[in-house]
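Asks: Fold the following for me, if possible:
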Amino acid sequence: MKSSKAFSLLYHDVEKTYIVSYLPIKNIKNDTTVAYIVSYVNNPYIHSIMYKYVIINILALLTLIIIAIISYYNIKHHFSLKEEVKKKTKQLLVKKNELEELVKAFDKNVIFSKTDLKGNIVHVSDAFCKISGYEANELIGVSHNVIRHPDMPKEVFKNMWETLKLGKTWFGEVKNRKKNGGYYWVFTKAEPDINIDGKQIGYYAVRQDITAQKEVEELKKNLEQQVRDRVSEIVSLDKEIQDTQREVVFTMGSIAESRSKETGNHVKRVAEYSKLLAIHYGLPEDEAEMLKQASPMHDIGKVAIPDAILNKPGRFDKLEREIMNTHSQLGYDMLKYSDRPLLKMASIVAYEHHEKWDGTGYPNSLKGKDIHIYGRITAIADVFDALGSDRVYKKAWELDRILNLFKEERGKQFDPQLIDIFFENIDEFLEIRDNFIDE
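Replies: The predicted structure follows:
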């Protein structure tokens, strides 16, 4: 017989807790257990230890459960975050492409350049190269003075550099020189170029092409000078104008019309039509007579319009139309300073005979009865005769076509009351036309 390894069990009943120890007794010959030696130990502390053991195990189990839950949500959040990163990455790629397109559009359309602190060019946009005629590699590293036009005063650039060195923005109009010797005008906004460390590393400028605008201004200035010169010539050549102003008014009106290849009978017919409309409208006889004398001056401003535009056989382009439309203002400017009633009336006629009843005319878009009656009357007289006469840009219209237009434009281009008067007395207007027929 021999003893084997002993083992213990924890035994718990309702009131007590025991430690039961078992010691097996084995047969030496065949190593089989033949008996057990059992001992019981009743320990008063075992009960409390047992509960502590259970509680510890419960807490451990709860801890494992909490760790599992946290792990689950961490894994879930990880995958959610991964999807969000993919989504944001895709959005960033889209924004990157949009930004690249925006940069390309900026480079193509904005006249932009950057220089270092010495004024040497370090970057130019495609638009800059296009307007200046230079390639980018011809400009990089070169002083910005390469495009300076000799017409620009040195004081302008001095002021610009002084402003920039103070860290301020400079605005101004600059005339630059092209590679081919030509020129272009730009409105420039120049600023100091500051890096992310707050250090100034150079200058940059954004420009707007204003060449067309400046050319129109120059042309307008020249035209105004021509007007002043021609008015001065007229006054100096004819000292008797004040005594013979009616004859001079008619003669000047004829001159204006003859420059545009129109006959002198045009101003005669317009004068007669104007008086007839004025009488039937209810103006006094003397006022109607004065309008007859003043109306030939309706296109006096055309003396300042270049022949190439005035006698162009086709339709005007936008710039030519703008120049032609200045004749109303030019005519008014010629006459407005006179204190004589006839010339004052002529200035109104010249100024307002292209205004329209619905407000779509020029030069001031006047509407309805805001247009002086002299202008409203002369407008009908001028258009009626102009449509019925040959011009460099058109053949004379047939009478029916003219009358249909007047009906359509009643209340639009023309005073509706005057149009009614015109049709009520059409035979008298046709009689005037037949009496002053062009040869």
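Asks: Please save the CA atoms from stretch 76-88 in CSV.
Replies: In CSV, the C-alpha atoms belonging to stretch 76-88 read as follows (Å, rounded to 0.1, in the frame of the first residue of the first chain):
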residue,chain,number,x,y,z
LYS,A,76,-16.6,49.9,-35.4
HIS,A,77,-15.2,53.5,-35.0
HIS,A,78,-12.0,52.4,-36.8
PHE,A,79,-13.9,51.2,-39.8
SER,A,80,-16.2,54.3,-39.7
LEU,A,81,-13.2,56.6,-39.4
LYS,A,82,-11.5,54.8,-42.3
GLU,A,83,-14.6,55.3,-44.5
GLU,A,84,-14.7,59.0,-43.5
VAL,A,85,-11.0,59.3,-44.4
LYS,A,86,-11.7,57.9,-47.8
LYS,A,87,-14.6,60.2,-48.3
LYS,A,88,-12.6,63.3,-47.2
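Asks: got the buried residues for that stretch?
Replies: Buried residues in stretch 76-88, counted by 16 or more other Cβ atoms under 10 Å: none are found. Where you see a C-beta, it was placed from the backbone N, CA and C, and this is true even at glycine.
Asks: Figure out how far that stretch is from the centre of its chain.
Replies: Distance of stretch 76-88 from its chain centroid, counting by Cα atoms, centre = their mean, to the nearest Å, is 43 Å.
Asks: nearest spatial neighbour of the residue nearest to the spatial centre of the chain, skipping sequence neighbours?
Replies: Nearest to the geometric centre of the chain sits residue 208, at 11.7 Å (Cα atoms, centre = their mean). Among residues not flanking residue 208 along the chain, residue 187 sits closest, at 4.5 Å (Cβ to Cβ, 6 or more residues apart in numbering).
Asks: distance of residue 425 from residue 383?
Replies: According to Cβ to Cβ, to the nearest Å, residue 425 stands 17 Å off from residue 383.
Asks: Keeping just the C-alphas, turn stretch 188-197 into PDB.
Replies: In PDB, the C-alpha atoms belonging to stretch 188-197 read as follows (Å, rounded to 0.1, in the frame of the first residue of the first chain):
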ATOM      1  CA  THR A 188      -2.800  98.400 -62.000                       C
ATOM      2  CA  LYS A 189      -3.100  97.200 -58.400                       C
ATOM      3  CA  ALA A 190       0.400  96.600 -56.900                       C
ATOM      4  CA  GLU A 191       1.100  95.200 -53.400                       C
ATOM      5  CA  PRO A 192       4.100  94.000 -51.400                       C
ATOM      6  CA  ASP A 193       4.600  90.200 -51.500                       C
ATOM      7  CA  ILE A 194       4.900  88.800 -47.900                       C
ATOM      8  CA  ASN A 195       5.800  85.200 -47.200                       C
ATOM      9  CA  ILE A 196       4.400  83.000 -44.400                       C
ATOM     10  CA  ASP A 197       7.000  84.200 -42.000                       C
END
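Asks: Other residues contacting that stretch?
Replies: 114, 160, 164, 167, 169-174, 200-207 (Cβ atoms under 8 Å, 6 or more residues apart in numbering).
Asks: buried stuff in that stretch?
Replies: 188, 190, 192, 193.
Asks: same question, stretch 328-343
Replies: Across stretch 328-343, burial judged by 16+ other Cβ under 10 Å covers 328, 329, 330, 331, 332, 333, 334, 335, 342, 343.
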